[in-house]
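Visitor: Just a sequence and a predicted model for now, questions to come.
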Amino acid sequence: MKDRIPFQSTDRIGPAGGTPSAEKLGNGRGGFTLVELMVSGVLLTAVMLVTVPTLYRIALEHRAAAKRQIALAEAANIMERLTARRWNDIDDNAAKSVAVSASARRQLPEVKSILRVQNGSEPDSKRITLTLTWTGRFAHPNAPVRLSAWVYRHGGRP
């Protein structure tokens, strides 16, 4: 019996009782291969090719929405100034005297306002229509902002 070789397991047991890691056995890798780096670079490039134009488009839409907000606020201010006048003073001459503010002119390229004062369908009423237009990117006109108001003589319908 002394000739027998003692049984040895092919599994190695690490210090914590489990199997040792692949690096300790010498058959693992320590880093990335060139192919893995190239694949990750191609994937990153593909993601960037989709993301960058989308972000650019979102930024353009945000700027256009901000300019539209400025135009809406300016239209409301112009209409407020015009409707605050006395009923007899609201006419085409008064419409010509109301102008776009300097702040709006700086922020909206080539802004133009069209104001019309018409007699309303009811007696003692006037309809005021304001249209603001401005140019956008590459000198293309944006959709105009339109605002209408009705003004009634005191004693008339509110």
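Guide: The structure has been received and is ready for your questions.

Visitor: among the helices and strands of this structure, which has the poorest mean pLDDT?
Guide: Using mean pLDDT, DSSP states H and E, the weakest-scoring helix or strand in the chain turns out to be helix 22-25, at a mean of 51.

Visitor: Could you check how many residues crowd around the nearest residue to N142 once chain neighbours are set aside?
Guide: Nearest-residue entry for N142: G136, 4.5 Å, with adjacent residues in sequence omitted and distances by CB to CB, 6 or more residues apart in numbering. (C-beta placed from N, C-alpha, C; glycine too.) For G136, the count of nearby residues is 17 (other CB atoms under 10 Å).

Visitor: for G136, what are its contacts?
Guide: By CB atoms under 8 Å, 6 or more residues apart in numbering, the contact set of G136 is 64, 67, 109, 142.

Visitor: Kindly report the same for W87.
Guide: With CB under 8 Å, 6+ apart, W87 has these contacts: 124, 126, 151-154.

Visitor: Give me the buried subset of those.
Guide: Buried members of those, scored by 16 or more other CB atoms under 10 Å, are 126, 151.

Visitor: Can you give me the distance of the residue nearest to N142 to E74?
Guide: Separation of G136 from E74 (CB to CB, to the nearest Å) stands at 16 Å.

Visitor: partner residues bridging S113?
Guide: Under DSSP bridges, the beta-bridge partners of S113 are L132.

Visitor: Let me know how buried it is, in neighbour terms.
Guide: 20.

Visitor: Am I right that it is in contact with L132?
Guide: Yes: look at S113 against L132 with CB atoms under 8 Å: they come within range, at 5.4 Å.

Visitor: In terms of helices and strands, where is L55?
Guide: Assessed by DSSP states H and E, L55 sits inside helix 34-83.

Visitor: For V151, which three-state class applies?
Guide: Here V151 takes the strand state, with states given by DSSP: H, G, I helix; E, B strand; the rest coil.
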